[in-house]
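>>> no sequence on hand, only this structure:
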């Protein structure tokens, strides 16, 4: 495993940040805007992370657990039939769906659980949207014998029932949050409330968002994705990719893919947000493209807000992208122009699922399908010698009832009726 800690401009800023990204005027992104009662817990985690990210024993445990439990490295897969059908650039995918539990999320879960162990924590709190972070947290907690509670918005709880079942089977308590919009935003708030009431617990936050040190820490653990892509693409094609494309909800899979290429000027980095079903408030989850700067859930970044500055409703066919904010690191990189942001609609994402499935035998998560939808359009406009790599952040089994409702609604209804008759 590559654990490269050398750094230049962007890499050094992110790895060594004390919580702020960008210029201090008017204020940097990130930070730690939290109730005083949470400050000791966050300081404890930050100090431990700053120490153990350079600790040889910790890094060896992290590397070994990724290899023996999660299954890294994940595959770097050429897509020749898709490339031929589109007729432009060569398309490859980084198949993070081949990780144990089906997505990239288990990588930072392993890293944070190893950190929690070294802090002597016995109870883990987490939030989840699509369920992949919750599922991964539950699996790692079961592996290491830790008590686990996961908060999930009621809307996500209902539309991602397979992952709820897996979490509960693994021994995790899953709490459906019925306040607010009943999505990931509300699950995060509920998890923070639990942490306030139970400060001896460890809050395992699931993306590169939140107060310091979570954005930098999540990025550190996820950057193995980009390190593997660099090595695999050079071995496969003899050079680096021209474009790296990832979906963006909070930003964990995007930062994992992008980090190792931040200082490679020849590699264009593209984040694809949820365009949803329209451009009006409540119809999408495109924070960078359509949001405003603000402070929420402990950090400064881009958020979807109404005219009064309140957090606005969000929508995406994919629960994992249905979040009101974005990583402060990505906000900074967007302003810098280092990461380009685009959107893909619900309809385009669903179409991408079907296209990738029928041409390449791979069914991506709906989150990842947003990245594929944009990448297909991009590749069609590029010369054949260009290389486009898409981060398939997860696989699509979790979306069975959503995609089946779209592609085979009659079959889904018949199946549900059959179960009820049983």
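Ah, there it is. None of these values were measured; they are calculated from a predicted model.
>>> next, the distance between the ends of stretch 318-330.
20 Å (CA to CA, to the nearest Å).
>>> the longest strand in the chain is where?
strand 268-276 (DSSP state E).
>>> and the next helix or strand past it?
Downstream of strand 268-276, the next assigned helix or strand under DSSP states H and E is helix 287-290.
>>> packing partners for that following helix?
Contact partners of helix 287-290 among helices and strands, from 3 or more CB pairs under 8 Å, 6 or more residues apart in numbering; DSSP states H and E: strand 268-276, strand 299-303, helix 328-336, strand 339-345. Glycine gets a C-beta too; all of them are placed from N, C-alpha and C.
>>> residue 158 and residue 177: what is the separation?
Per CB to CB, to the nearest Å, residue 158 is found 12 Å from residue 177.
>>> also residue 14?
31 Å.
>>> low-confidence ranges, this structure, go.
Scanning the chain for pLDDT under 70 picks out the ranges 1-9, 16, 25, 422.
>>> would you mind giving the domain segments of it?
31-68+105-218, 71-102+223-407 (automatic domain parsing).
>>> now mean neighbour count and distance to residue 24 too, for these, in JSON lines please.
Formatted as JSON lines, the domains of the chain follow (neighbours: other CB atoms under 10 Å; distance: least, CB to CB, whole Å):
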{"stretch": "domain 31-68+105-218", "mean neighbour count": "21", "distance to residue 24": "11"}
{"stretch": "domain 71-102+223-407", "mean neighbour count": "22", "distance to residue 24": "12"}
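>>> Throw these into JSON lines and include distance to residue 419, thanks.
Shown next, in JSON lines, are the domains of the chain (distance: least, CB to CB, whole Å):
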{"stretch": "domain 31-68+105-218", "distance to residue 419": "12"}
{"stretch": "domain 71-102+223-407", "distance to residue 419": "12"}
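>>> wait, which of those domains is closest to residue 22?
domain 71-102+223-407 (4.3 Å; CB to CB).
>>> need the helices and strands packed on helix 287-290 in TSV with distance to residue 89, can you?
Output for those, formatted as TSV (distance: least, CB to CB, whole Å):
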stretch	distance to residue 89
strand 268-276	12
strand 299-303	29
helix 328-336	23
strand 339-345	16
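>>> for residue 258, which of those is the nearest?
strand 268-276 (4.8 Å).
>>> any idea how far the closest one is from the chain center?
Distance, stretch centre to chain centre, for strand 268-276: 13 Å (CA atoms, centre = their mean, to the nearest Å).
>>> what packs against that strand?
Partner elements for strand 268-276 (3+ CB pairs under 8 Å, 6+ apart): strand 243-247, helix 252-258, helix 287-290, helix 328-336, strand 339-345, helix 346-360, helix 366-380.
>>> next, the angle helix 346-360 makes with it.
When axes from the mean of the first three to the mean of the last three CA atoms, to 10 degrees is applied, the directions of strand 268-276 and helix 346-360 differ by 120 degrees.
>>> wait, isn't residue 227 in contact with residue 260?
Yes: between residue 227 and residue 260 a contact is recorded at 5.0 Å, counting by CB atoms under 8 Å.
>>> which residues in the stretch 1-150 of the chain form helices?
9-15, 39-52, 56-65, 80-86, 105-118, 132-144 (DSSP state H, counting those that start in this stretch).
>>> between those helices, which one is nearest to residue 31?
helix 39-52 (11.3 Å).
>>> the helices and strands packed on helix 287-290: which one's closest to residue 60?
Taking the helices and strands packed on helix 287-290 one by one with CB to CB, helix 328-336 is closest: 26.5 Å.
>>> how far off strand 299-303 does that closest one point, in degrees?
Using the same axes, to 10 degrees: helix 328-336 against strand 299-303 is 60 degrees.
>>> tell me the angle helix 328-336 makes with strand 339-345.
100 degrees.
>>> centre of the chain to helix 328-336, how far?
With CA atoms, centre = their mean, you get 16 Å for helix 328-336.
>>> and it, what does it pack against?
Helix 328-336 packs on strand 20-21, strand 29-30, helix 214-222, helix 252-258, strand 268-276, helix 287-290, strand 299-303, strand 339-345, going by 3+ CB pairs under 8 Å, 6+ apart.
>>> as a markdown table, these with distance to residue 127 would be great.
Listed next are the helices and strands packed on helix 328-336 as a markdown table, based on distance: least, CB to CB, whole Å:
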| stretch | distance to residue 127 |
| --- | --- |
| strand 20-21 | 22 |
| strand 29-30 | 19 |
| helix 214-222 | 12 |
| helix 252-258 | 13 |
| strand 268-276 | 18 |
| helix 287-290 | 17 |
| strand 299-303 | 15 |
| strand 339-345 | 24 |
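>>> which ones are touching the residue nearest to residue 100 when sequence neighbours are not counted?
Among residues not flanking residue 100 along the chain, residue 70 sits closest, at 4.9 Å (CB to CB, 6 or more residues apart in numbering). Residue 70 is in contact with 99, 100, 106, 107, 110, counting by CB atoms under 8 Å, 6 or more residues apart in numbering.
>>> tell me how far residue 70 lies from residue 58.
16 Å.
>>> same thing with residue 82?
For residue 82 relative to residue 58 (CB to CB), the value is 40 Å.
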